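Asker: just a sequence and a predicted model for now, questions to come.
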Protein chains: 4
Amino acid sequence: MSRAVQVALIGQKFMGRAHSNAWSQVNHFFDLGLVAERRTVAARDAGEVAAFAAHWGWKQWTTDWHSIANDDAIGLVDIGTPNDVHAEQAIAMLEAGKHVACEKPLAGSLADARAMRDAAKKARKKSKTFVWYNYRRCPAIGLAWKLAREGRLGRVYHVRAHYLQSWGGADTPLLWRFQKKHAGTGAHGDLNAHLVDLARFLVGEEVVEIHGAIERTFVRERVIPGTKKVGKSDVDDCVLFLASFAGGATASFEATRLAHGHQNDNFIELNGEKGSVRFSFEDMNVLWFCDGTQPLETRGWQRIMCTSAGGGHPYAKNWWPDAHVLGYEHGFINMAADILRVLAGDEPELPLPDFEDAYQTQRVLEAALLSARERRAIKLSDVR
Amino acid sequence: MSRAVQVALIGQKFMGRAHSNAWSQVNHFFDLGLVAERRTVAARDAGEVAAFAAHWGWKQWTTDWHSIANDDAIGLVDIGTPNDVHAEQAIAMLEAGKHVACEKPLAGSLADARAMRDAAKKARKKSKTFVWYNYRRCPAIGLAWKLAREGRLGRVYHVRAHYLQSWGGADTPLLWRFQKKHAGTGAHGDLNAHLVDLARFLVGEEVVEIHGAIERTFVRERVIPGTKKVGKSDVDDCVLFLASFAGGATASFEATRLAHGHQNDNFIELNGEKGSVRFSFEDMNVLWFCDGTQPLETRGWQRIMCTSAGGGHPYAKNWWPDAHVLGYEHGFINMAADILRVLAGDEPELPLPDFEDAYQTQRVLEAALLSARERRAIKLSDVR
Amino acid sequence: MSRAVQVALIGQKFMGRAHSNAWSQVNHFFDLGLVAERRTVAARDAGEVAAFAAHWGWKQWTTDWHSIANDDAIGLVDIGTPNDVHAEQAIAMLEAGKHVACEKPLAGSLADARAMRDAAKKARKKSKTFVWYNYRRCPAIGLAWKLAREGRLGRVYHVRAHYLQSWGGADTPLLWRFQKKHAGTGAHGDLNAHLVDLARFLVGEEVVEIHGAIERTFVRERVIPGTKKVGKSDVDDCVLFLASFAGGATASFEATRLAHGHQNDNFIELNGEKGSVRFSFEDMNVLWFCDGTQPLETRGWQRIMCTSAGGGHPYAKNWWPDAHVLGYEHGFINMAADILRVLAGDEPELPLPDFEDAYQTQRVLEAALLSARERRAIKLSDVR
Amino acid sequence: MSRAVQVALIGQKFMGRAHSNAWSQVNHFFDLGLVAERRTVAARDAGEVAAFAAHWGWKQWTTDWHSIANDDAIGLVDIGTPNDVHAEQAIAMLEAGKHVACEKPLAGSLADARAMRDAAKKARKKSKTFVWYNYRRCPAIGLAWKLAREGRLGRVYHVRAHYLQSWGGADTPLLWRFQKKHAGTGAHGDLNAHLVDLARFLVGEEVVEIHGAIERTFVRERVIPGTKKVGKSDVDDCVLFLASFAGGATASFEATRLAHGHQNDNFIELNGEKGSVRFSFEDMNVLWFCDGTQPLETRGWQRIMCTSAGGGHPYAKNWWPDAHVLGYEHGFINMAADILRVLAGDEPELPLPDFEDAYQTQRVLEAALLSARERRAIKLSDVR
């Protein structure tokens, strides 16, 4: 008989929905030492959160997230709120002795991220921390990670990563995502955060230098929703930067919401001494692999459908037969399974990012902005 | 407040799992006039079905499927058992006044299918019938159907359909799927059934003639699981056939489990006077469309990511943002939603196959086998 | 110092141009035992053929092709005329002791093809024969052939071949290609001929049975060029058929000119016990290979760019560096090189089809038409 | 009757071969006001150049390229030598009143390039200059240029360009290309030169700033050919940089010879306000276009096979029917045609780069290296 962990969720928007689904599905598909029970959901609007709780099967709801800290039954707090409140909420929950799973990016500022990292370090004997970099849980990314760890790529020479979307044109109104006071950054924190996490995860090293960067806003005014007036769109529409990893690999990063033809194109490629891997989320079940040690006669990109339990593909045995493909939400469910494994004292299928890990990603994002603004290369050792 | 329909499920294997998931997820993602409540699951092994019921949240379980007929609370019976028992179960449930949703293909024999069609006709004032041809509910197939109905393809000239898998080589043991007494046919009933359903759905016409067919078994002996002995593998490894639709379109069909490089490649293409569409399940979120009315300068296959609520793609508004892609199980959930819509008196998002419709598919499958065995063309009007 | 062979060409339309280019280019890129010298070109219109000769560097021209037979200097006669005159011209040249390279298909009728085959057999001590099935000379097809011969596919289970174009819609006027009296057949002789040649070449066996076929004309009237009147379009717009090879492999063939999205999509795929290969001419430098003996973890379609001299790809050492790709005309130049090799007593890089070989292809095409018209399966042994 | 221009070629290696082929083929496929006649080829090794002249049909040969200046019959001098001698040769020929077509990049140093630009300016009343940026002549690039000029992309937001090859691993010996004294740079001058030319051509603006760059050598020692000793490999294996165009578009560039899976992947993508285009040389006949003004329902990347005379694709009417694809060498032949058009006083099919134009490309390459070395952003206005 599995033990249960009581989960509380803060936030009930897009991520609230994705996380609720993950907690409701995880024990249907994974045989784990712990069962997740949806105990409490917290959000600001009483009407909305009550309906949300009923819809997703949370036993109780509250408009006061602080109350979660006082509920001794709760073991894990899942934070799906805007970035600027992550620190306050996460630190409070760590101080209350909870495990914390926080949405990405870790925080709205490097100072916040550092405080969270420090709080996690202090609480480490009682609490585990997790950050929802969900794309690490795509089976194709997991296979890429395994191949890299097994030496199938050899020394990594190049990383090429872009996250391209196309919904941010001039017709798009002035949502909160386009306002610096609410969002902090635009495409950078939203999209480059994923790329930096994936690149660090796959390369297995830290970024040591930013060589240059561009931060640019093309659409400077947008219609204020529900009005005919325009307001200032003051976050970046795109950020590009070049970086080096500790082992010498070059890396290029680009995030934008202005790339027609790409809708959710979270793309990463690694070229190593012995082989290459390539992934795009828009065809998320597939990993492309070029094994540079094969004879030239038949060498080339190999399209691997990463859904085979027999092939040992990550998470494949928990889902459907070969090529009965997975979708976006499965990354969250796979991650929920790994969180439960860790809380049960078991090994996760793939390593999970904790606050320390996500803080390293945040340093890279910060250094990139600094490089863009100061028009010079930046050593990561100067950004803490 | 939505009303509820009590659902009973017969069967707890692969399809039992896919259907249970659909019933548990549908009201999380669709705002419908009816809520599905998982009341009873029936299967032969008491231990297994009890565990299954607990796992998937069915309130009660039974080893006697007949008892479902007598439970007046149950409105909808979902049949996920082997083909050879579909008729008995479905007819009993129709006679008991239930709505019935049956796994595909409709039945294990044309006679069974005809009996089911007749029972459905007789019960039509009280009962609705549905057949789980789940691939119709892929958004990309739905978009293809809409384009065809809007005349964007014009008169259809050609259908090209194949369903290719690669798990049935000589190393694969003698599962029940390779034994005629259990499975009836091999790749034909399993895979061609889907192709014929999709082709009929997209063309919007009936098949009128089979021009020729091949039925072939390459691997004639397989190891009996758990033994070192071999037994006879006596179902088809592949069936191919050529057909004509009523309006003159040519069609080619091929199903096999011996095609390395394809794992679940349910592929269909239509070429019409004005345009073409192309779909492969292995990249299920994408529809390829060639609009033959565009200027030649920029004409070509268009890759449409069928996930856009703003683009009006089928089911897109119920799921995630653009290109946050769906997977295999979503076809079942989308179908569950449409079943509930029909039971609530609403329109389904896309037409659903009933027993009459699935009987037409079964006639085509039967005619193809007859053509292969008699080495001649067969008019569909001769197969009833 | 290489010896020379004097070449004569009959025909100066599309194929005259492709062949002239091949003879003018072959010794620029291949180091051969024989140099091709363009001696004589023959065609009906004096003005046109004179200009053609000047343009392409043929030393002399004639409107009387028979005169070529009497020119003792000429060693090789290249026939690029319509199908219905192949037999007369080829047989005359064989009787005059020339080597003959004839455009595909071998002839306009099976009787003609048989007569040509017989003439070639009779002349075999003095004359070599060749048929311009140019697609065999695509390096990617050559690599597929090598892999098949080396056993990398194992026993072949399935062949899937289609040749799809889209220029034959209702807007296309009544060219000679749409008139039976001139063209014999439509898509069948033009396109299926290539498919059958490629399939026989790659499988390495003969077709033994046609299981069924469709021959269909959708566009029955077309505008007569230069007029406002319509005339009868009486050739097939498409022909599909199913076949078996001697070793049991199933094969499907389809040729059409009514498939929007495909312009010159000469496609063939083989699925064998150990692996699969796939080719489409629209991306002609690439062969897709799935090695079914690789571990499932990384198994999948491999995209091989067949341009690597270091990889031993056919003809690669004669052209440009890796992935400096080849085009349509290179098939003809590669074939010219192999013809010259054979005439010099050397081995061709890949086997060349002679009249006997092309006669076997013609038998398959004939049997397919018979099957369509008689609505039954046809044994190849009954078609001679 | 067409007039003739006498052409002289300096250089007989890879580019000598590609150019000789272009001059020998151009009048076979293009109906032009000028015929190119291959008069003289110059190179250092008498034996080699004599054989080369005979092979490619050059009427005379010399080991003294200066003598070309004195041959009044020669109208056009084509320079295919290493970069470090371009300036001396080109300036001498301009001073002798010849037209000059020079291989890319324009020169081995910015100073040389500036001198060439100045010489061209001075000679402009008598002489035309051309630089062999051959990839501009791919029909797909030409179509992209037309779409951009017609406003189909709208304002350009992003350029993403990489030129990836994989032949430069540690196994590759110390060819001259890996020695700074001979090659100047590694991947940068060889590959980024093409990218910068294409980006400037397609965007139609100049680069104004380099935001950061990486220049890196991974393989520092290589075996000296014909020995067992190693020598120093001192050119870049890769150079990456970020740039801005005058109109605000961001651009990323990457050139490397260490990317398994890519052999000649000259890739460029533009994302604009209204649409996107994408090109990779490995599938050179295809342009991908996403028309952002189409309804979302069917919007997506369109695969355009740029071979249609009826579609008005650049150069298509001079070659083969639709999708009878072109290869690498056709870019050179198309360029030769445009050079002859300009010399005949006609319009080229697409604009040709002259020395002034290629000098702008060289400034960008120089600024990128400066940025990498000084670890800061560089304004182009500071690099002359």
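Answerer: Nice, thanks for sending it over. Numbers count the residues shown, from 1 in each chain, chains lettered A, B, ... in the order given.
Asker: can you tell me what sits against stretch A:289-304?
Answerer: The contact list for stretch A:289-304 (CB atoms under 8 Å, 6 or more residues apart in numbering or on different chains) reads A:140, A:143-144, A:147, A:152, A:154, A:272-278, A:286-288, C:143, C:147, C:289, C:291, C:297-305, C:308, C:310-313, D:166, D:169, D:260-261. The C-beta positions use only the backbone N, C-alpha and C, and glycine is treated the same way.
Asker: next one: stretch A:113-131
Answerer: By CB under 8 Å, 6+ apart, stretch A:113-131 touches A:86-87, A:90-91, A:94-95, A:97-107, A:335, A:339, A:342-343, A:352-359, A:362-363, A:384.
Asker: contacts only, for the residue nearest in space to the middle of chain A.
Answerer: Closest to where the C-alpha atoms of chain A average out (CA atoms, centre = their mean) is residue A:133, at 2.1 Å. Counting by CB under 8 Å, 6+ apart, residue A:133 touches A:104, A:193, A:194, A:197, A:198, A:201, A:353, A:358, A:361.
Asker: run through chain A and note the low-pLDDT ranges.
Answerer: Applying pLDDT under 70 to chain A picks out residues A:1-2.
Asker: longest helix in it, by residue count?
Answerer: Using DSSP state H, we find that the single longest helix of chain A is helix A:355-374.
Asker: immediately after that helix, which helix or strand?
Answerer: strand A:378-379 (DSSP states H and E).
Asker: for that next one, name the packing helices and strands.
Answerer: The helices and strands touching strand A:378-379, judged by 3 or more CB pairs under 8 Å, 6 or more residues apart in numbering or on different chains; DSSP states H and E, are strand A:207-216, helix A:355-374.
Asker: so which of these comes closest to chain C?
Answerer: helix A:355-374 (26.3 Å; CB to the nearest CB).
Asker: ok and the closest one relative to strand D:207-216, angle-wise?
Answerer: If you take axes from the mean of the first three to the mean of the last three CA atoms, to 10 degrees, helix A:355-374 sits at 140 degrees to strand D:207-216.
Asker: now do the same for the residue sitting furthest away from the middle of chain A: helix, strand or coil?
Answerer: In chain A, the residue that sits farthest from the middle, by CA atoms, centre = their mean, is residue A:297; the gap is 39.1 Å. For residue A:297, the assignment made with DSSP: H, G, I helix; E, B strand; the rest coil gives coil.
Asker: quick check: phi and psi on it?
Answerer: Dihedral pair for residue A:297: phi -50, psi -40, per degrees, to the nearest 10.
Asker: around residue A:80, how many other residues sit close by?
Answerer: 23 (other CB atoms under 10 Å in any protein chain shown).
Asker: same thing with residue A:111?
Answerer: 11.
Asker: and it, how close does it get to residue B:368?
Answerer: Note on residue A:111: its distance to residue B:368, by CB to CB, to the nearest Å, is 69 Å.
Asker: thinking again about what came up before, which of the contacts of stretch A:113-131 are buried?
Answerer: Using 16 or more other CB atoms under 10 Å in any protein chain shown as the burial test, the contacts of stretch A:113-131 include A:86-87, A:90-91, A:94, A:98-107, A:335, A:339, A:342-343, A:352-359, A:362-363 as buried.
Asker: narrow the residues you listed to those in helices?
Answerer: Mapping the buried ones among the contacts of stretch A:113-131 onto helices (DSSP H) picks out A:86-87, A:90-91, A:94, A:335, A:339, A:342-343, A:355-359, A:362-363.
Asker: so the nearest residue to residue A:249 once chain neighbours are set aside bridges to which residues?
Answerer: Using CB to CB, 6 or more residues apart in numbering or on different chains and skipping the chain neighbours, the partner closest in space to residue A:249 is residue A:156 (4.3 Å). In this entry, residue A:156 is beta-bridged to residue A:272, by DSSP bridges.
Asker: give me phi/psi at the residue nearest to residue A:206 when sequence neighbours are not counted?
Answerer: What sits nearest to residue A:206 in space, not counting adjacent residues and going by CB to CB, 6+ apart, is residue A:246, at 5.4 Å. Taking degrees, to the nearest 10, you get phi -50, psi -40 for the backbone angles of residue A:246.
Asker: right, and residue A:246 touches residue A:209 too?
Answerer: No: if you go by CB atoms under 8 Å, residue A:246 and residue A:209 don't touch, sitting 9.6 Å apart.
Asker: okay, those two: which has more neighbours?
Answerer: Counted by other CB under 10 Å, residue A:246 and residue A:209 do not tie: residue A:209 has more neighbours, with 19 against 13.
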